[in-house]
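J.: what's the 3D shape of this:
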Amino acid sequence: MPERTPENLYGFPLSGDVTQAFRWWTSLWSQWMGQFGFININLAKSSDPALERRIVENVAGYGRQLGRMIEALEALLAHTDRTSWTAAQKKAYEDFRELADAIAAEKGAWIAPTRENAERFLEGLRRLKETDVARYREIVDQVKTDLFP
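T.: As a prediction, the model looks like this:
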């Protein structure tokens with residue numbers, strides 16, 4: 001049974017996520033009738049929509065795929081000397097970091113205490129030190145107080 005939230009507090013019929021329950025119906029309907037509804041939006045343009053659907057349903061959703069790619073790219077970039085990069089390459093890196101940080105923030109407040117997350121946190125502190133020294137010192141002081149009372 002799903003956790004009770006304000007959205008599903010009363011547990012009315014069909015009050016939760018029912019997309020899985022009706023997958024057979026939408027699949028059957030789309031095979032017979034094509035698209036249905038007043039407005040149909042296909043955000044995932046693909047040369048092989050059936051294959052893409054199978055991948056998303058059976059292997060990994062877009063969020064998990066994106067997360068794994070970000071993790072792999074972060075691992076590679078952590079061991080890359082960026083001193084000889086061009087301005088455009090450095091800008092691409094910063095844009096990637098902003099995207100990865102925004103995705104991490106959207107995922108939620110709790111972050112698992114893994115080595116990778118600790119390294120990500122420390123890299124974020126290093127970047128913060130370059131852009132906002134006062135905020136950097138505030139966070140470092142908070143960490144010191146919490147870890148070494």
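J.: just the helices in the chain please.
T.: When assigned using DSSP state H, the helices of the chain occupy the ranges 23-33, 49-58, 62-78, 87-107, 115-131, 133-147.
J.: how about the ones you listed in JSON lines, adding mean pLDDT and mean neighbour count?
T.: No exception for glycine: its C-beta is placed from N, CA and C like everyone else's. As requested, the helices of the chain are exported to JSON lines (pLDDT from 0 to 100; neighbours: other C-beta atoms under 10 Å):
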{"stretch": "helix 23-33", "mean pLDDT": "54", "mean neighbour count": "10"}
{"stretch": "helix 49-58", "mean pLDDT": "86", "mean neighbour count": "11"}
{"stretch": "helix 62-78", "mean pLDDT": "87", "mean neighbour count": "13"}
{"stretch": "helix 87-107", "mean pLDDT": "87", "mean neighbour count": "12"}
{"stretch": "helix 115-131", "mean pLDDT": "87", "mean neighbour count": "13"}
{"stretch": "helix 133-147", "mean pLDDT": "92", "mean neighbour count": "11"}
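J.: so who does the closest residue to residue 93 other than its chain neighbours touch?
T.: Distances taken as C-beta to C-beta, 6 or more residues apart in numbering put residue 82 closest to residue 93, at 6.6 Å, once the chain neighbours are dropped. For residue 82, the contact set (C-beta atoms under 8 Å, 6 or more residues apart in numbering) comprises 89, 90, 93.
J.: which of these lies closest to residue 60?
T.: Residue 60 lies nearest to residue 93 out of those, by C-beta to C-beta, at 25.3 Å.
J.: isn't that closest one up against residue 87?
T.: No: at 10.7 Å, residue 93 and residue 87 do not qualify as touching, with contact defined as C-beta atoms under 8 Å.
J.: much appreciated, bye for now.
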